[in-house]
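Participant: Okay, sequence plus prediction incoming.
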Amino acid sequence: MPAEALAKEGLTIMRKEVVFAIIIGLFLGTVILVGWQLADQSAKQAASTTAQTPQEKPDPVPSETPVAQGISVISPQDHAVINVNSIKIIGKTLASAFVAASNSEDEAIVTADKDGNFSIDLALTGGENVIKLTVLKDDLTTASTQITVIYTTAKISSSENVLDPITASPSAIVDKVVKAALDKNLKNVQDSNLLVGYAGVISDIKLGVFDLTTGQVNLQISYDSKTTIIKDGKTLKPELLSMKDKAIVIGNMSSPDILVAKRIVISSKDETPVIEKRVIYSPIVKIKGNILTLNIDGKNQEATIGKKLKLDPKTLTTDNKIFAILLMDTGGKATLLQAKVF
């Protein structure tokens, strides 16, 4: 083959190889470019998804139930033993709300301060005092609570005295009592030195022990030769305790349901109340002399203004509303004992 023909053939082969190499290069370049674009797009999508996914937050720690939902008593504690014939009740409720308190002996309506602190002075009757407290809330509904205290003049030995009259300001007492309660909760101990009192009916008597059924709890009462037992003003032998006796027991709690008695007072009289004190909120429907017609539970109820209540009916109109403590007798007659008119 002539040299010129060989040269042309070699050039042709070389061109084919170059073209083939270019094609291969373009193919590989395209693959790499597409792969890079896909990777970049995936990375952007992942970043976008991460940005749109809300960060997980820890569940909020539940706070204490706000006092604004009702009313709470700071002092005295429930079932406290009192050695004076009156008591100052310290509590917390809605700011500037009306608070009514009553027992069988006394009643009062006060206004809480701007922080919701309130104090009420009540006279006590001997023995068990059930004190009911009611607040008129912003939505004109009411919320209530109650405590029981035992008033006794007897000298009862204990490493912690019964409650004395409270003279400090309500806010100072709230701070002090709340701190003491928190300290006690942190220690998680049973205060076995504090005197408490419960009233109830005796049941299931055994040697040195009987059950006391109260309106709230059932307690096991333990007693011994050092326990003073009184009935009708006279000392009573332990073996003369009877089932269904009504008793007031004062002593120390050794556990949540066991009370070590220091003094037991047996009552032989019928203490069934013949009257009832009731807290109401009502419009004034009618005024006739010193008798107001109120709307209670959807029914009209006449109520006479009590002699000790400084409320002039001439200053009232049927546009007024009233928050009051009523005395209801068994015949259905009502007397206004305390009232706030607005």
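Facilitator: Looks like it arrived, so ask away.

Participant: hey, where'd the helices end up in the stretch 101-250 of the chain?
Facilitator: All helices of the stretch 101-250 of the chain, identified by DSSP state H, counting those that start in this stretch, fall at 170-187.

Participant: In it, what residue spans correspond to strands?
Facilitator: 107-111, 117-123, 127-136, 142-151, 195-206, 209-213, 218-222, 228-231, 234-235, 246-255 (DSSP state E, counting those that start in this stretch).

Participant: Mind checking those strands for the one nearest to Leu326?
Facilitator: Of all the strands of the stretch 101-250 of the chain, the one in closest proximity to Leu326, counting by Cβ to Cβ, is strand 107-111 (9.8 Å). For the C-beta atoms, the positions are set from N, CA and C on the backbone; glycine is no exception.

Participant: before we move on, back to that, would CSV of the strands of the stretch 101-250 of the chain with mean pLDDT be doable?
Facilitator: Below are the strands of the stretch 101-250 of the chain laid out as CSV (pLDDT from 0 to 100):
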stretch, mean pLDDT
strand 107-111, 98
strand 117-123, 98
strand 127-136, 97
strand 142-151, 97
strand 195-206, 95
strand 209-213, 97
strand 218-222, 96
strand 228-231, 96
strand 234-235, 94
strand 246-255, 96
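
Participant: gap between Lys244 and Ser268?
Facilitator: 12 Å (Cβ to Cβ, to the nearest Å).

Participant: Show me where this structure dips below the pLDDT cut-off.
Facilitator: Applying pLDDT under 70 to the chain flags residues 1-69, 157-192, 270-274.

Participant: Domain-wise, how is it divided?
Facilitator: Split into domains by automatic domain parsing, the chain comes to 67-187, 196-267, 275-341.

Participant: Ends of the last one, what's the gap?
Facilitator: Put plainly, it is domain 275-341. Its start and end residues considered, domain 275-341 measures 24 Å (Cα to Cα, to the nearest Å).

Participant: between the strands of the stretch 101-250 of the chain, which gets nearest to Glu302?
Facilitator: Comparing the strands of the stretch 101-250 of the chain under Cβ to Cβ, the one sitting nearest is strand 107-111, at 19.7 Å.

Participant: Can you spell out which helices and strands pack onto that closest one?
Facilitator: strand 98-102, strand 117-123, strand 321-329, strand 334-341 (3 or more Cβ pairs under 8 Å, 6 or more residues apart in numbering; DSSP states H and E).

Participant: Relative to Phe342, which of the strands of the stretch 101-250 of the chain is closest?
Facilitator: strand 127-136 (9.7 Å).

Participant: buried ones in that closest one?
Facilitator: For strand 127-136, a neighbour-count test (16 or more other Cβ atoms under 10 Å) marks Glu128, Asn129, Ile131, Lys132, Leu133, Thr134, Val135, Leu136 as buried.

Participant: what's in contact with that strand?
Facilitator: 70-71, 73, 87, 89, 91, 93-94, 97-105, 112, 120, 122, 142-152, 197, 199, 248, 265, 267, 277, 279, 281, 323 (Cβ atoms under 8 Å, 6 or more residues apart in numbering).

Participant: My guess is Leu294 contacts Ile287. True?
Facilitator: No: Leu294 lies out of contact with Ile287 (Cβ atoms under 8 Å); the separation is 10.5 Å.
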